[in-house]
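# generate a structure from the sequence data that follows.
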Amino acid sequence: MTVKSYKPEWVPEDGGSEFATAVMPGVSESESGESIPVYNKIKKLTCEDYVNGILSGDRMILARAITVIESNAPKHFELGQEIIRRILPYTGNSVRVGITGIPGAGKSTFIEALGCMLCNEGKKIAVLAVDPSSSVTKGSILGDKTRMENLSRESNAFIRPSPSGGTLGGVARKSRETLLLCEAAGYDTILVETVGVGQGETTVRSMVDFFLVLVLTGAGDELQGIKKGVIELADAILVNKADGNNKQRAAVAKADYNQVLHYLRPATEGWATKAYTCSSITGEGISVIWNVVTEFKAKMESSGKLQKRRKQQEWEWILQMAWTYIHSVISQDSSIIECEKILKEQLNSGDITASVAAQKIIDVAKAKWAPYN
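Next up, the predicted model:
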C-alpha cells in the first residue's frame, strides 16, 4: 500500500530533507482485519474559529492563536492581524502587571504563589513567561510552565512560555499581541514575567499598568542594585525570600530601599513607590503586595492616568511595529546586502573605517528609498 507522506503545517511546500520533522501515520483496522493508515490531522481553523474560540475562553484555541501571532511565516501574518483586529473591542479589562528582577530572584515561584492565591479568589490568571533564547542555537528551554507546577493545574490559569528571540527589553517580540488575546479570552489578571533584568532592559514597562521589581538580600551591596534605570521605573519593590534566617535581612533591605526611594522621582505621577517583603514559600506578604496593585489600579483609573498611560503605550507599540518593519525591509534589500559584502571586505583589509562604511550604507539606503534627493 502506498502511504502518502504528510508534513507539518510550518514546513514550506518546497521544503526538503533539511526539515527533519515528519508526521507519522497512525494505524487502524479495516473490516477485513487489514491494518490501514489513519491520518489524524489537526483541523485547520478559520479566522472565525479563532475569534469565537478565544471569546468563549477555549484555552487550546487561544494557544493556537498565540502560535499564529508569534509565527514569522508570511502566510500567518495577515491571519494574525485579522484576529487581533476582531478581538480588540473585547480587550482592556484586565490589570496588567510586569514582574522583573535579576535571575534567581524567585520570579516564577512568586508568580505561582500569587497566581494560586488569585485563582482561589475566583480570578482568571494569564501568565506570559518569557525565556531567554540561546545566541548560539536560537532555542529556548521554555521551562516556566514546568516550574509553576501547582498553578498549571488551576482551571482558571493559562501559562504561556515564549522565547525572547534575542529581543532586548526582556519581553518577547509579540508579547503585546499575546496580552490582548488573553484579555479577550476573559483573563482579568495578566502577569508578564521577563527573562531577567539589566540597566537597559525596561521594555516591559511600556506594556503594563503596574511594574514590580523583585530583589534579593545577600546578593552584594544593596545600594549597588539601587541604580537609576529599572528601580526608577518601579511602582513597587519586593524583597523576596523573606523567610527563615533571611527574614531579618529582608526587613533591613526593605528599609534601605525605602530610604533611597524617598529621593527618587516616582515612576507614576501621583503614586509613591515603596518597598515590601514577602516569602513565596510561606505565602507571607503575597496578599499585601496584591492589595498594593489593586489600590494602584483603582487610584490611577479614578484619576484618568491609567487610560492615558495605555494610550501612550499603544502609540509606542505602533512606532515599534513601524520601525521594525522598515528595518526588516531595508536590511533585506539586495542592494544593501551587496553593499555590506563589499564594505566588510574593505573593512577587513583596512581600506575603510567603520564610520565611513556606515555612511556608505546610509547613502545606498537613501538612494534606494528616498524618492526625492
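# can you map out the strands along the stretch 51-200 of the chain?
Along the stretch 51-200 of the chain, the stretches classed as strands by DSSP state E, counting those that start in this stretch are 95-101, 125-131, 157-163, 189-193.
# show me what the first one is packed up against.
Secondary structure elements in contact with strand 95-101, counted by 3 or more C-beta pairs under 8 Å, 6 or more residues apart in numbering; DSSP states H and E, are helix 107-120, strand 189-193, strand 210-215, helix 286-303. Backbone N, C-alpha and C define where each C-beta goes, glycine included.
# with mean pLDDT added, can I get those in JSON lines?
Supplementary listing: those in JSON lines, determined by pLDDT from 0 to 100:
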{"stretch": "helix 107-120", "mean pLDDT": "94"}
{"stretch": "strand 189-193", "mean pLDDT": "92"}
{"stretch": "strand 210-215", "mean pLDDT": "92"}
{"stretch": "helix 286-303", "mean pLDDT": "96"}
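# quick one on the thing from earlier: quick one, which of the strands of the stretch 51-200 of the chain is nearest to residue 69?
Closest to residue 69 of the strands of the stretch 51-200 of the chain is strand 157-163 (C-beta to C-beta; 9.9 Å).
# what angle sits between the closest one and helix 107-120?
Note on geometry: by axes from the mean of the first three to the mean of the last three C-alpha atoms, to 10 degrees, strand 157-163 and helix 107-120 are set 160 degrees apart in direction.
# state the mean pLDDT of strand 157-163.
On average, the pLDDT along strand 157-163 is 83.
# start the count at 545, not 1, going forward
In the new numbering, first residue 545, that becomes strand 701-707.
# mind listing the strands that strand pairs with, and their directions?
strand 669-675 (parallel) (DSSP bridges).
# for the partner strand, C-alpha coordinates in PDB please.
Output of strand 669-675 as PDB, limited to C-alpha atoms (Å, rounded to 0.1, in the frame of the first residue of the first chain):
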ATOM      1  CA  ILE A 669      -4.900  34.500  35.600                       C
ATOM      2  CA  ALA A 670      -2.800  34.600  32.400                       C
ATOM      3  CA  VAL A 671       1.000  34.300  32.800                       C
ATOM      4  CA  LEU A 672       3.200  35.400  29.900                       C
ATOM      5  CA  ALA A 673       6.600  33.900  30.800                       C
ATOM      6  CA  VAL A 674       9.400  34.900  28.500                       C
ATOM      7  CA  ASP A 675      12.500  32.600  28.400                       C
END
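# quick one: closest of the helices and strands packed on strand 639-645 to residue 693.
Between residue 693 and the helices and strands packed on strand 639-645, the tightest spacing by C-beta to C-beta is seen for helix 651-664, at 7.8 Å.
# list the buried ones in that closest one?
Residues 651, 652, 653, 654, 655, 656, 657, 658, 659, 660, 662, 663 are the ones in helix 651-664 that count as buried (16 or more other C-beta atoms under 10 Å).
# right, and the second one touches residue 673 too?
Yes: Residue 652 is within contact range of residue 673, at 7.2 Å (criterion: C-beta atoms under 8 Å).
# which one of the helices and strands packed on strand 639-645 lies closest to residue 874?
Using C-beta to C-beta, the nearest of the helices and strands packed on strand 639-645 to residue 874 is strand 733-737, at 30.2 Å.
# out of the strands of the stretch 595-744 of the chain, flag the one nearest residue 897.
Among those, the nearest to residue 897 by C-beta to C-beta is strand 701-707 (36.6 Å).
# the closest one: which residues count as buried?
701, 702, 703, 704, 705, 706, 707.
# equivalent analysis for stretch 834-843, please.
Neighbour-count burial for stretch 834-843, counted by 16+ other C-beta under 10 Å, picks out 834, 836, 837, 840, 841.
# and of those residues, the nearest to residue 814?
The shortest separation between residue 814 and any of these is 10.0 Å, and it belongs to residue 840 (by C-beta to C-beta).
# need the contact partners of stretch 806-819.
Contacts to stretch 806-819, defined as C-beta atoms under 8 Å, 6 or more residues apart in numbering, come from residues 749, 755, 772, 775-783, 797-799, 801-802, 805, 836, 840, 843-844, 847, 849, 853.
# how does it look with 10 Å?
In this structure, residues lying in contact with stretch 806-819 by C-beta atoms under 10 Å, 6 or more residues apart in numbering are 749, 753-755, 757, 759, 770, 772, 775-783, 794, 797-805, 836, 839-840, 843-844, 847, 849-850, 852-853.
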